[in-house]
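Q: Have a look at this prediction, sequence included:
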Amino acid sequence: MVYKNFAKKAQFYKFAVQKGNKIPINDVWIAACCMEVDGILLTRDKHFELLDLIDLIIL
């Protein structure tokens with residue numbers, strides 16, 4: 001699972017950079033893990049909205 005997440009992490013980071021967004025690498029890792037398990041991310045961190053590749057619930 002770690003190697004798959006690494007590939008997803010790279011995909012998210014590239015996606016964010018292409019859109020001109022700076023997202024902390026730890027949050028990219030969280031998003032990749034969420035995507036790997038088809039999860040929904042529950043967060044208060046608004047910059048996850050910049051990654052429209054995952055399902056979000058923003059509090």
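A: Received, thanks. Numbering: from 1, shown residues only.

Q: Pull the number of nearby residues for the residue lying closest to Asp55 once chain neighbours are set aside.
A: Leaving out its chain neighbours, the residue that sits closest to Asp55 by CB to CB, 6 or more residues apart in numbering is Ile40, at 4.4 Å. The C-beta positions use only the backbone N, C-alpha and C, and glycine is treated the same way. Burial of Ile40 is recorded as 10 neighbouring residues (other CB atoms under 10 Å).

Q: Ile40: what's it in contact with?
A: Ile40 sits next to Cys34, Ile54, Asp55, Leu56, Ile57 when contact means CB atoms under 8 Å, 6 or more residues apart in numbering.

Q: what's the answer for Lys19, then?
A: The contact partners of Lys19, by CB under 8 Å, 6+ apart, come to Leu50.

Q: The nearest residue to Ile23 once chain neighbours are set aside sits in which helix or strand?
A: Nearest non-adjacent residue to Ile23, counting by CB to CB, 6+ apart: Ala16, 4.7 Å away. Applying DSSP states H and E as the criterion places Ala16 in helix 2-18.

Q: next SSE after that helix?
A: Trace forward from helix 2-18 with DSSP H and E and the next one is helix 25-36.

Q: counting contacts, what elements does that following helix pack onto?
A: helix 2-18, strand 40-43 (3 or more CB pairs under 8 Å, 6 or more residues apart in numbering; DSSP states H and E).

Q: and that helix, how far from the chain's centre?
A: Mean-position distance between helix 25-36 and its chain equals 4 Å (CA atoms, centre = their mean, to the nearest Å).

Q: And that helix, what's buried?
A: Going by neighbour count (16 or more other CB atoms under 10 Å), the buried part of helix 25-36 is Asp27, Val28, Trp29, Ile30, Ala31, Ala32, Cys33, Cys34, Met35.
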